[in-house]
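[1] What follows is a predicted structure for the sequence shown.
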Amino acid sequence: MKLLLTNFSIRFPRLILLLTLIITALFASQFPKVSFDNDPENMLAEDEPVRVYHHQVKERFALYDFVIVGVINEKDPDGVFNVATLQRLHKLSQQLYSLQRSADGLPQVVDGDRLSDPLLTLNLTPDSAWRRGLNVAFSQDPNRLFDETGQSAIIAQEIISPSFVDSLQQAELGALRLEYLMEKAPTSSAEAHKIRELALNNPLYNGTLVSEDGKAIALYLPLRDKTFSHNVAALVTALTADWPAEDQVHITGLPVAEDTFGVEMLVQMATSAPLAMLAIFILLLLFFRRVSIVVAPLMVAMISVICTMGLLIGLGFDVHIMSSMIAIFLMPIAVADAVHILSEFHDSYPKFKDRVATLRHVIGHLFLPMFYTTLTTIAGFGSLGFTPIPPVQVFGLHIAFGVFLAWLLTMTLVPAYILLFIPQRTLDKIAQTATEQEHGTALSNALGKLGQFSYHRWKLILSTSLVLLVIAAVGISKIAVNDNPVKWFAESHQIRIADKLLNKHFGGTYTAYLTLAAEASTTDSRTLIAAVAEQVRKQEVSHSETGLRFLESLDQLSPSAPAETSLRQLRQLAAEFDQRSSGGWSQLADELAYLDPTGLNLDKLQQILRQASLQPAPVAQLLQRLPDNLQGDQLLDQALLIADRQAVFSFGQLVDEIEAEATAPAFKTPAMLG
């Protein structure tokens, strides 16, 4: 049973090689479909509550991700508020505002400090052939600064810059003048100082747009999508490349840190994987000293990586930051079993001096240890499939597949390779070397002495291990989780430097949003109806026929209905009564306004109003509420007062007030606001 795969490989080595080539080609054919995802946000599932709520808040309040461009000048006595620096800032702002796509898809900006200036076409493709190759391999287009509709990646109307933020100033004769903080670039120190004064005197800009010491200015560039941040940062770098050294330009912001980390992580993996393969090759060459032997484990590693990544791409998964590390993890694991077989074969061949017999002896001796270690490794990485983080699941399960494939290739491809590609003269040299080194090599002798030391000094080794275990436990208790993307970079990285310097001059480079939300209203229908009735009884209208009918209608509403239903019924009822009453009272008030108060008494007023074309109900209610002892101006004023109050009164407004009070968030209730 242990030799089933190996015997098949020994019997049909060319078939094994052909099948391996075909399967590898099939998996490799998936590579053109590859897509890369360097967004750390995708470490969370799309339906993760935190992620869903985050996007809901951004959409509801129109929040954007920002690229922050900080300009610092600590050499000029006026800081950044010198004429030359402000002129450069104004030009940069205008260029970023004017960003548009040319006919050939390249970015264009104005070549000056006015939006009417001629356009300048830029090409952000790197000069380095290596970087261009990486961009092609990872589908990274450095000129991708526009969405599918051709709109700029920067939301121009929302740019926060001295050239585009409002400044409210005192004008003549007590008037106010609204204009941009830096309407145009200053041409004199006096104009520059005026801009500084306006900025520092505005609490919205002091400490955010400009630093309190006047040494730094920040530009906030809102993005349509944070995946543009790396390219926008490259655009700003290109536009400021000719700036003098005293004007330090620093680019940071959370989306820049995340996007740049993703891009650089992919680049690191592209360079680290070949270097890891080279290191393994050199190390194995030092051990076996024969290239023909070393090639076998390298083939196992390469095929395992190609098939694993091909499977990942073929299943439709993006190559994420996590999955980009599959090659680095898989290569040393994949060569392990092959190295065991080659090492044992190297030591056993002089005894058998026959390839097939030696292979059967080696596989029979090592099958169970290699099988068990493979199973435990698969179980370890496969357990990551139970984590709630999708990229980690993909990473763990595909590594588990790669480990199994490496074991299968070790059991089949390595024997076939030994039979077909290792020359007989190489095997003869192995036998000859074994005879010459009858007393062992320097490495084997050193390992033998190490084993004797472990046997005789077991107490020392155990006590030392225990001490190291205690030290490790102390170290584990001091672990601090680093969830700040900026600190993923080395201290010498430009993003890390920019973040440190801008945090020194400003209140921070990251934005935190606090959302206040009210719980759903628990007010029931009975309470709503009672509140409306109580407020109506406090009004003068409650003594009128209209008011009494409205109160009677309220009694007919069901107090057990849902609150939403009762509110809808209350609004409809209020609208009906407002339509009936307000028009008649308004006409009555207009009629009263034109009466002559001379000799006017209640009887004469009654006669005049009944002869006029007025609704009888308001007239009757008015005459009923007027005192008998009033005459002339006093009578007319009282009549107008009653009519105006009735005309202005609205059942609908009263219902709206009750609804607002019942459903207001806790921080907006009258009790809290009072």
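    Looks like it came in fine.

[2] Pull up the distance across stretch 489-497, start to finish.
    End-to-end distance for stretch 489-497: 10 Å, by C-alpha to C-alpha, to the nearest Å.

[3] In the chain, which residue sits furthest out from the middle?
    The C-alpha centroid of the chain is most remote from residue 599, which lies 80.2 Å away (C-alpha atoms, centre = their mean).

[4] Return the residues in contact with that one.
    Residue 599 sits next to residue 632 when contact means C-beta atoms under 8 Å, 6 or more residues apart in numbering. Just so you know, the C-beta spots here come from the backbone N, C-alpha and C atoms, and that holds for glycine as well.

[5] Break down the stretch 201-350 of the chain into its helices, ranges please.
    All helices of the stretch 201-350 of the chain, identified by DSSP state H, counting those that start in this stretch, fall at 229-239, 254-288, 291-314, 326-352.

[6] Which elements pack onto the last one?
    Using 3 or more C-beta pairs under 8 Å, 6 or more residues apart in numbering; DSSP states H and E as the contact definition, the elements that helix 326-352 packs against are helix 254-288, helix 291-314, helix 355-382, helix 390-421, helix 424-436.

[7] Same question for the first one.
    Helix 229-239 is packed against strand 65-72, helix 83-97, strand 216-223, strand 248-252, helix 254-288, with contacts defined by 3+ C-beta pairs under 8 Å, 6+ apart.

[8] Could you identify which of these has the lowest mean pLDDT?
    Least confidently modelled of the helices and strands packed on helix 229-239 is helix 254-288, at a mean of 83 by mean pLDDT.

[9] Could you pull out the buried residues of it?
    Within helix 254-288, the residues that count as buried by 16 or more other C-beta atoms under 10 Å are 254-267, 269-270, 272-273, 276-277, 280-281, 284, 288.

[10] Give me the angle between it and helix 229-239.
    Using axes from the mean of the first three to the mean of the last three C-alpha atoms, to 10 degrees, the inter-axis angle of helix 254-288 relative to helix 229-239 is 100 degrees.

[11] Packing partners of helix 254-288?
    So helix 254-288, by 3+ C-beta pairs under 8 Å, 6+ apart, packs with strand 65-72, helix 129-137, helix 229-239, helix 291-314, helix 326-352, helix 494-505.

[12] Tell me which strands the first one pairs with, and in which orientation.
    Pointing back at strand 65-72 there. Next to strand 65-72 in the sheet, as set by DSSP bridges, lie strand 216-223 (antiparallel), strand 248-252 (antiparallel).

[13] hang on, the earlier thing: could the helices of the stretch 201-350 of the chain be laid out in JSON lines, adding distance to residue 390?
    Listed next are these as JSON lines, based on distance: least, C-beta to C-beta, whole Å:
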{"stretch": "helix 229-239", "distance to residue 390": "22"}
{"stretch": "helix 254-288", "distance to residue 390": "15"}
{"stretch": "helix 291-314", "distance to residue 390": "12"}
{"stretch": "helix 326-352", "distance to residue 390": "15"}
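
[14] Residue 393: neighbour count?
    Residue 393 has 18 neighbours, counted by other C-beta atoms under 10 Å.

[15] Contact partners for it?
    Contacts for residue 393 (C-beta under 8 Å, 6+ apart) come out as 384-387.

[16] Which one of those sits in the busiest neighbourhood?
    Within those, neighbour counts (other C-beta under 10 Å) peak at residue 384, which reaches 19 neighbours.

[17] Was I right to think it contacts residue 398?
    No: the pair residue 384 / residue 398 is not scored as a contact, 9.9 Å apart, by C-beta atoms under 8 Å.

[18] so how far is residue 382 from the nearest residue to residue 337 once chain neighbours are set aside?
    Excluding the flanking residues, the one nearest residue 337 by C-beta to C-beta, 6 or more residues apart in numbering is residue 410, at 4.1 Å. Distance of residue 410 to residue 382, given as C-beta to C-beta, to the nearest Å: 19 Å.

[19] More neighbours: those two, which one.
    residue 410 (29 against 18).

[20] That one and residue 342 touch, don't they?
    No: in this structure, residue 410 is not within contact of residue 342 by C-beta under 8 Å, at 9.8 Å.

[21] from memory residue 406 sits against residue 329, does it?
    No: if you go by C-beta under 8 Å, residue 406 and residue 329 don't touch, sitting 11.5 Å apart.

[22] quick one: the nearest residue to residue 200 once chain neighbours are set aside from residue 507, how far?
    In space, and not counting its chain neighbours, residue 200 is closest to residue 206: 5.2 Å by C-beta to C-beta, 6+ apart. From residue 206 across to residue 507, the span is 10 Å (C-beta to C-beta).

[23] What of residue 350?
    Distance, residue 350 to residue 507, using C-beta to C-beta: 74 Å.

[24] Those two: which has the busier surroundings?
    residue 350 (17 against 11).

[25] mind listing the helices for the stretch 551-674 of the chain?
    For the stretch 551-674 of the chain, helices defined by DSSP H, counting those that start in this stretch occupy the ranges 563-593, 602-611, 616-625, 632-648, 651-663, 670-673.

[26] rank the ones you listed by pLDDT, which is bottom?
    Of all the helices of the stretch 551-674 of the chain, mean pLDDT reaches its minimum on helix 670-673 (a mean of 52).

[27] mind listing what the residue nearest to residue 184 when sequence neighbours are not counted touches?
    Leaving aside its sequence neighbours, residue 184 sits nearest to residue 90 (C-beta to C-beta, 6+ apart; 7.1 Å). The contact partners of residue 90, by C-beta under 8 Å, 6+ apart, come to 113, 162-163, 182, 184-185.
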